[in-house]
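Asker: The following block contains a protein sequence and its predicted model.
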Amino acid sequence: MIKEIIEKHKLKVDSYYESKEQAYKDPNKEIAEELTLFLQRKWEKQIPKGWYGFMGLGHPTPLSWFYAIDDYFTYLLSKNPNFKILQVKVKFGALIIYLDEISQDTEKELSELCQTMSDKNLVY
């Protein structure tokens, strides 16, 4: 399933922005903020009280990342309805996802997915 998500959303390291300037002048700021709030609401049952959930996302984050995350969590929910989303954020130019109540196989899948979602132009 991970390969399908990667292909569907055309996820590839360092392929999202040509420069830091482009990343921070991205005209999709409002869309990214709306998608952050949408995901926070959609997945609120999976976010334990006191955790940030998706509030570490926002701008600049490539829009394809939001849709890939949503697809992955939909897939994960079908396998493990008890998983918990602790935090999703961009740090040092890469997507970081902290989950709880997941298997080692899920950890490997998540690692594979997150490795494709990084861009050196998001490091500030």
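Answerer: On my side now, so go ahead. No experiment lies behind these values; they were computed from the predicted model shown.
Asker: mind checking pLDDT for Gly58?
Answerer: pLDDT for Gly58: 78.
Asker: didn't it look like it was pressed against Ile31?
Answerer: No. Checked against CB atoms under 8 Å, the pair Gly58 and Ile31 is beyond contact range at 10.8 Å. C-betas here are computed from N, CA, C, even on glycine.
Asker: Low-confidence stretches in this protein?
Answerer: Counting by pLDDT under 70, the chain shows no low-confidence range.
Asker: quick one, strands of it?
Answerer: Taking DSSP state E as the criterion, the chain contains strands spanning 53-56, 84-91, 94-100.
Asker: Contact partners for the closest residue to Ala32 other than its chain neighbours?
Answerer: Leaving aside its sequence neighbours, Ala32 sits nearest to His59 (CB to CB, 6 or more residues apart in numbering; 4.5 Å). Counting by CB atoms under 8 Å, 6 or more residues apart in numbering, His59 touches Asp26, Asn28, Lys29, Ala32, Glu33.
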